[in-house]
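Colleague: 3D, please:
(chains A and B)
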Protein chains: 2
Amino acid sequence: MAKELKGVQVFAPATVANLVCGFDVLGMALQQPQDVMTMRLREEPGIVISHADGYDLPVEPEKNVAGASLLALMEEYPEKVGFELIIDKRIKPGSGLGSSAASSAGAVVGANHLLGNPFTKEDLVRFAMNGEKVASGVKHADNIAPCIYGGVTLIQSIFPLNIVQLTAPPMYVTVVHPQIEVRTSDARQILRKEVQLKAAIKQWGNIAGLVAGFLKNDYDLIGRSLEDVIIEPVRSILIPGFDDVKRKSKDAGALGGGISGSGPSIFMLSREEYVAKGVEDVMIDVYTRLGIEFKTYVTMINYEGAKVISEV
Amino acid sequence: MAKELKGVQVFAPATVANLVCGFDVLGMALQQPQDVMTMRLREEPGIVISHADGYDLPVEPEKNVAGASLLALMEEYPEKVGFELIIDKRIKPGSGLGSSAASSAGAVVGANHLLGNPFTKEDLVRFAMNGEKVASGVKHADNIAPCIYGGVTLIQSIFPLNIVQLTAPPMYVTVVHPQIEVRTSDARQILRKEVQLKAAIKQWGNIAGLVAGFLKNDYDLIGRSLEDVIIEPVRSILIPGFDDVKRKSKDAGALGGGISGSGPSIFMLSREEYVAKGVEDVMIDVYTRLGIEFKTYVTMINYEGAKVISEV
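Modeller: Here you go, the predicted structure:
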């Protein structure tokens, strides 16, 4: 058996893509839940993936989101290297909380550390987007970018890739993951390819307001801008209880919120912790009544992104 | 003849609506050109309008943009009042530089001052939107808001009216007004009522980037975000020389720019004054070659908005 090479443990956070009015361009990293990965350099080239969870995800590098991301990284690295990767997924696949992005981002952040950090964060996003392509067929970055940069990110442009980090005032995030299946590809297919100009104008007024609210620490403006007139009315149909959760969460004092990514998870932003906990009660109540299994989180924005926790 | 009642002189600035990617929601006030109005309280109720310019605009209050705005203000004022108004338009009507907004905004700002400032700026925007309705049939606020607030404004929502003031780093604005006619109603009619979702996503990535660029004083981000994939490709056809001006202005160092409002004026933002003057040379060159009469301005952002200059 080969001698033990340097290894690291990587934490990669869940992320909320879209942030209601920022479809395909905004995203936010959460403190909870997080995937945990253990990575080692191998003496031989190649990627060996195993799972410490029960999700039965593929282990062939090309079919695995972390593997595809590492392959993209290795293509740009001048020497031949190999990685061993043990993934302990704590962000449930298909939750709408950026589970695939966490694996993709975590893998390249860990690999970059093991190689002595030759790559920039923007490079890492580029590599990890290959994982998203494996997961959903599209190279999108709205989960990858916040997962790697932390905080709130804006994909101002995808080709060429332009990532903008946004500050935001302290906020609590309440998340409910109703355990139903909404496939990203289905959630994308039900969207109309054309939208009313009127609705688009409303939407860009809201995204402009949300970005201004974040940067100006204006909670009222954030709340007023968390409105999606284009995607949510279509996608929320796939999520039982959505309207109820949203209305009652706002009644409980939440600033606002909506579908996390393509769902089925729903997130709500609150200024105070007690409000965020009240929102959790609302979510528990709605899904208990509906008889749908669910999981909730009360967490905050994660400003660090995926990171190496310890050398192992 | 009635005795002379208290009077004021009001300056009301030109404004650039849309700011390329912020169709119908963003606007910016300019230091030049400005309309000048002289206003007095009358002893009898009613509005008497006269013009000190040669534009032959209507003087009947309901048909005059300033008159319609004053009528809206008077409706909410508890007492019967009357105004005399002499308008000296220095912002040419139909230039795309918010000429009607300047008259509407200037009139209500002057009236508010004469009445002892009973109204908020937001009230004044609401009143002045009635002038825009007279001018173009639509109650829009993307020129009115910057004309009254100054600086850069976002109409996050029009019903209910939510105006957000945005900071911006120092910038020079070069404007060319080619003396051709583009009617606001025509410029609106040629727009498609539906847009591709893909294009809308690009557009809201850009407006989010532009707002972030303004608030973060990030000139590069401002430059990258000044792109309009929806309105400009259609409307620019109505403006001879547009593509040439845009390309050559950027070659000369401008951050970017585009159509001012519904045109035909074109504006370009620059970080340095010498660049802004180089952009002016480009504009002069293009329209001289085309044999189209034009007027240019090299100016800056106006942070005060319409204001009372002196009591007369």
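Colleague: check contacts around A:Lys6.
Modeller: A:40-41, A:114, A:311 (C-beta atoms under 8 Å, 6 or more residues apart in numbering or on different chains). Bear in mind the C-beta positions are built from the backbone N, C-alpha and C, glycine included.
Colleague: Tell me the one of the residues you listed nearest chain B?
Modeller: Chain B has its nearest neighbour among those in A:Leu114, at 32.5 Å by C-beta to the nearest C-beta.
Colleague: quick one, phi/psi of the closest one?
Modeller: Torsion angles at A:Leu114 (phi, psi; degrees, to the nearest 10) stand at phi -60, psi -30.
Colleague: what's it in contact with, if anything?
Modeller: A:Leu114 makes contacts with A:6-8, A:39-41, A:83, as judged by C-beta under 8 Å, 6+ apart.
Colleague: ok, now with 10 Å
Modeller: A:Leu114 makes contact with A:5-8, A:10, A:39-41, A:81, A:83, A:308, A:311, according to C-beta atoms under 10 Å, 6 or more residues apart in numbering or on different chains.
Colleague: Show the pLDDT at the closest residue to chain B within the stretch 1-150 of chain A.
Modeller: Distances between the stretch 1-150 of chain A and chain B by C-beta to the nearest C-beta are smallest at A:Val25, namely 4.4 Å. At A:Val25, the pLDDT value in this model is 97.
Colleague: My understanding was that it contacts A:Asn143; is that so?
Modeller: No: in this structure, A:Val25 is not within contact of A:Asn143 by C-beta atoms under 10 Å, at 11.7 Å.
Colleague: which residues are in contact with both of the two?
Modeller: Joint contacts of A:Val25 and A:Asn143 (C-beta under 10 Å, 6+ apart) are A:17-18, A:153.
Colleague: List just the nearest of those residues to A:Gly205.
Modeller: Distance to A:Gly205 across the shared contacts of A:Val25 and A:Asn143 (C-beta to C-beta) is lowest for A:Asn18, with 16.5 Å.
Colleague: My guess is that closest one contacts A:Asn206. True?
Modeller: No: using C-beta under 10 Å, A:Asn18 is not in contact with A:Asn206, being 11.9 Å away.
Colleague: what residues do these two have in common as contacts?
Modeller: A:Asp228.
Colleague: After the helix or strand harbouring A:Trp204, which helix or strand is next?
Modeller: Here A:Trp204 sits within helix A:197-216, counting by DSSP states H and E. Counting by DSSP H and E, the next helix or strand C-terminal to helix A:197-216 is helix A:219-225.
Colleague: quick one: contacts for A:His177?
Modeller: A:14, A:33, A:91-92, A:94-97, A:260, A:263-267, A:283, A:287, A:293-297.
Colleague: hmm, I was thinking of A:Tyr287
Modeller: A:176-180, A:240-241, A:244-245, A:266, A:293-296.
Colleague: quick one, what contacts A:Gly54?
Modeller: Taking C-beta under 10 Å, 6+ apart, one finds A:Lys89 in contact with A:Gly54.
Colleague: if I look at it, how far off is A:Thr120?
Modeller: As judged by C-beta to C-beta, to the nearest Å, A:Gly54 and A:Thr120 stand 35 Å apart.
Colleague: How about A:Val10?
Modeller: In terms of C-beta to C-beta, A:Val10 sits 18 Å off from A:Thr120.
Colleague: More neighbours: which of these two?
Modeller: Using other C-beta atoms under 10 Å in any protein chain shown as the criterion, A:Val10 and A:Thr120 rank with A:Val10 on top: 27 against 10.
Colleague: Right, I'll call it a day here.
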